[in-house]
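Enquirer: Sequence plus predicted model, see below.
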Amino acid sequence: MAERPRKILICSCEDTMPLDGAAVRRVCRGSEVIEGRQFCRAELERFRKAAAGGEPVTVACTQEAPVFSEAAGETEGAGELTFVNIREAAGWSKDAQAAGPKMAALLAAAAEPPPEISYVSLSSEGVTLLYGSDERVIEAAQLLKDHLDLTVLIKQPGEVSPLRVTEYPLVKGAIRSATGHLGAFEVTIDDYAQPAPSSRDGLKFGPARNDVVTRCDLLIDISGGAALFPSADRRDGYLRADPGDPAAVLRAVLKARDLTGSFEKPRYVTYSEDLCAHARSGIVGCRRCLDLCPTGAIAPNGDHVAIDAAVCAGCGQCAAACPTGAASYALPQSDALLRKLRTLLSAYREAGGKQPVVLFHDGEHGAELIEALARYGDGLPANVLPVQLNEITQVGLEAVAGAFAYGASAVRMLIHTKPRHDVVGLRQTIALAEPILAGLGFAGSRVATIETDDPDNLGATLRAIAAMDGAAKPATFTAVGRKREVVRLAVRHARREGGRLHALSCLRAGLPDRRFVGRSGKADAALCGRRLRAMRAVSGNLPREGHQPKAADRFPQRHRRQACDQAGRALRLHPLRQAVRRQELGRARDC
């Protein structure tokens, strides 16, 4: 468990929720817990006094964080501030009297140090291509011409009148393709033509050309056609609006006017090509990240893949699906998330809580629903522990396995009824986790999504979860190493505590559960040199240490199941097809 903050301020918010200071003190040992009624107004001097000591301070309020930050800035020697929401997450609920353990757990988890974030720099000089299909694009151009280096591209000029004064280039053409991101778009245009200066009552254009390539920093699309990029709303610098919706066009125009200068975005995914199982010697093994990426930020790069951090929108599906950990999510990294889960669940149990349900949610959709449920409904149940993530789709098998190892009785993921991008990767994670948990003795609906935009439906769904127990003896291990090691630690702990890996043969066809084993027999000596060299190529073409000869003078392959990346290259490379798929996972307990 993380080192506790020296001072914790918990407030009843004008007696609208009960406080359990004893539970907080029991869990946050060594901390000074200060209770109040209205720290943000009437008792602000008490906050200043607590902050003046220089110790780290955790304030159990997020709504008034600006007030506290300003007061701390005016206080000499003020310590570092951390804010955590216990009001909407716990106190404003019909179960508030039983929410003391949850409040203590949330405060304990807030003490976990935030991970360091790496950033990607993007730069825009305001060179803008405004793409439209009729005269409405001219109206938008009038709002942009004084703020950006503008070029207007009209798909169907129609009855567009010539400009009285040529304040910006206006050309004709249709965009065939576009690549890039904010500050680095490359656009290919067909039927490109410039207007004749002598155009009188209507625009007249010169000879048209195809395959014209232009570059720009911003691309504004109000053509009304299909989006130029997959997951278009997540492509930085690409602004798209329905030309029939004047309010949407105005929002796009106003946003574009602010996109000049230098910007930073998080580097959502870290990538280690030496762990990548994509291919060896032209034999493709793993395509999971390529198939799941909604923005097209991942592309093949020889035997590996390349991830364009400037295009990546941070959905995290590549990291969740990667079998080797070559792609790992960085906001936060999986080990930081698991440390927070360990602290949260152990503190909840220590404070007297039972049957905890971990609710993963994002900060946009999920946080808003939880707040609405607290303000206008019954609030979250006392045993539901909300964990905010950057993206729900970043949840991988290691997070699910770790949650159950640390004592969770169930895990739920809150997503939109109609998500902004495909969540097939998340569904695959759940489909893989369910039979593993069942095989370890966790019966019932343990892992599922909650797909709703209605706070009342969220509350009803959470309260309908059947009462189930978690691990009898929750794990205490620290999550270190790659995701495969973390999953293995969690599964081994469950087996040691009475679980039995008896149902793993029920893993469904099509899931990433392939296991391979090298078979050898009396025919080894009859192998010719050519076949021997070919079979040794199986080992040489695997990026992991999955296959190794048992001895220098004897070929029979030893399959190291713990190192198997499950990408399937061994089956395709083996000349005698003696590497076979094994569905009986009970026989491969170390996989």
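Expert: Great, that's in hand. Numbering: from 1, shown residues only.

Enquirer: Might you report the residue contacts of the nearest residue to residue 264 once chain neighbours are set aside?
Expert: Nearest in space to residue 264, with sequence neighbours left out and distances taken as C-beta to C-beta, 6 or more residues apart in numbering, is residue 119 at 4.2 Å. All C-beta atoms are positioned from the backbone trio N, CA, C, and that covers glycine. By C-beta atoms under 8 Å, 6 or more residues apart in numbering, the contact list for residue 119 reads 264-267.

Enquirer: Give the PyMOL command for selecting the buried subset of those.
Expert: To isolate the buried members of the contacts of residue 119 in PyMOL, using 16 or more other C-beta atoms under 10 Å:
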select buried, resi 265+267
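
Enquirer: among the contacts of residue 119, which are in strands?
Expert: Using DSSP state E, the subset of the contacts of residue 119 located in strands is 264-266.

Enquirer: and the contacts of residue 119 as CSV, adding distance to residue 311?
Expert: Converted to CSV, those look like this (distance: C-beta to C-beta, whole Å):
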residue, distance to residue 311
264, 15
265, 10
266, 13
267, 12
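
Enquirer: and which of the contacts of residue 119 is nearest to residue 451?
Expert: Minimum separation from residue 451 among the contacts of residue 119 (C-beta to C-beta) is found for residue 266, which lies at 26.2 Å.

Enquirer: isn't that closest one right up against residue 313?
Expert: No - Residue 266 lies out of contact with residue 313 (C-beta atoms under 8 Å); the separation is 10.4 Å.

Enquirer: Reformat the ones in strands among the contacts of residue 119 as TSV; add pLDDT and distance to residue 418.
Expert: Below are the ones in strands among the contacts of residue 119 laid out as TSV (pLDDT from 0 to 100; distance: C-beta to C-beta, whole Å):
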residue	pLDDT	distance to residue 418
264	96	30
265	96	25
266	96	25
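
Enquirer: could you dump the residues you listed to JSON lines with distance to residue 286?
Expert: Shown next, in JSON lines, are the ones in strands among the contacts of residue 119 (distance: C-beta to C-beta, whole Å):
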{"residue": "264", "distance to residue 286": "31"}
{"residue": "265", "distance to residue 286": "27"}
{"residue": "266", "distance to residue 286": "25"}
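
Enquirer: returning to what we had before: and the residue nearest to residue 264, what pLDDT?
Expert: Note on residue 119: pLDDT of 96.

Enquirer: Now do the same contact list for residue 316.
Expert: Residue 316 sits next to 268-269, 329, 390-391, 393-395 when contact means C-beta under 8 Å, 6+ apart.

Enquirer: Which residue is the nearest non-sequential neighbour of it?
Expert: Counting by C-beta to C-beta, 6+ apart, residue 316 lies nearest to residue 394, which is 2.8 Å off, once chain neighbours are set aside.

Enquirer: The one you found reaches residue 312, doesn't it?
Expert: No - between residue 394 and residue 312 there is no contact under C-beta under 8 Å: 12.0 Å.

Enquirer: Comparing those two, which shows the higher neighbour count?
Expert: For residue 394 and residue 312, the more surrounded residue by other C-beta atoms under 10 Å is residue 394, and the numbers stand at 27 against 24.

Enquirer: Distance check, the more buried one against residue 369.
Expert: Distance, residue 394 to residue 369, using C-beta to C-beta, to the nearest Å: 19 Å.

Enquirer: Report the spatially closest residue to residue 198, excluding sequence-adjacent ones.
Expert: Of all residues not flanking residue 198 in the chain, residue 204 sits nearest, at 7.3 Å (C-beta to C-beta, 6+ apart).

Enquirer: how deep is the one you found tucked in, by neighbour count?
Expert: Applying other C-beta under 10 Å, we find 14 other residues in the vicinity of residue 204.

Enquirer: now residue 63
Expert: Neighbour count of residue 63, defined by other C-beta under 10 Å: 13.

Enquirer: I'd like to know how far the closest residue to it other than its chain neighbours sits from residue 13.
Expert: Sequence neighbours aside, residue 87 is the residue nearest to residue 63 in space, at 7.5 Å (criterion: C-beta to C-beta, 6+ apart). Separation of residue 87 from residue 13 (C-beta to C-beta) stands at 6 Å.

Enquirer: Mind checking which of the two has more residues around it?
Expert: Using other C-beta under 10 Å as the criterion, residue 87 and residue 13 rank with residue 87 on top: 24 against 21.

Enquirer: That one against residue 64, yeah?
Expert: No - judged on C-beta under 8 Å, residue 87 makes no contact with residue 64 at a distance of 10.4 Å.

Enquirer: Domain map for this protein?
Expert: For the chain, the structural domains run 1-83, 122-264, 267-329, 349-511, 516-587, going by automatic domain parsing.

Enquirer: Now the last one: average pLDDT?
Expert: Per-residue pLDDT over domain 516-587 has a mean of 47.

Enquirer: Could I get the contacts of residue 316 in JSON lines, plus columns for distance to residue 277?
Expert: JSON lines is the format used below for those (distance: C-beta to C-beta, whole Å):
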{"residue": "268", "distance to residue 277": "21"}
{"residue": "269", "distance to residue 277": "16"}
{"residue": "329", "distance to residue 277": "18"}
{"residue": "390", "distance to residue 277": "25"}
{"residue": "391", "distance to residue 277": "23"}
{"residue": "393", "distance to residue 277": "21"}
{"residue": "394", "distance to residue 277": "20"}
{"residue": "395", "distance to residue 277": "21"}
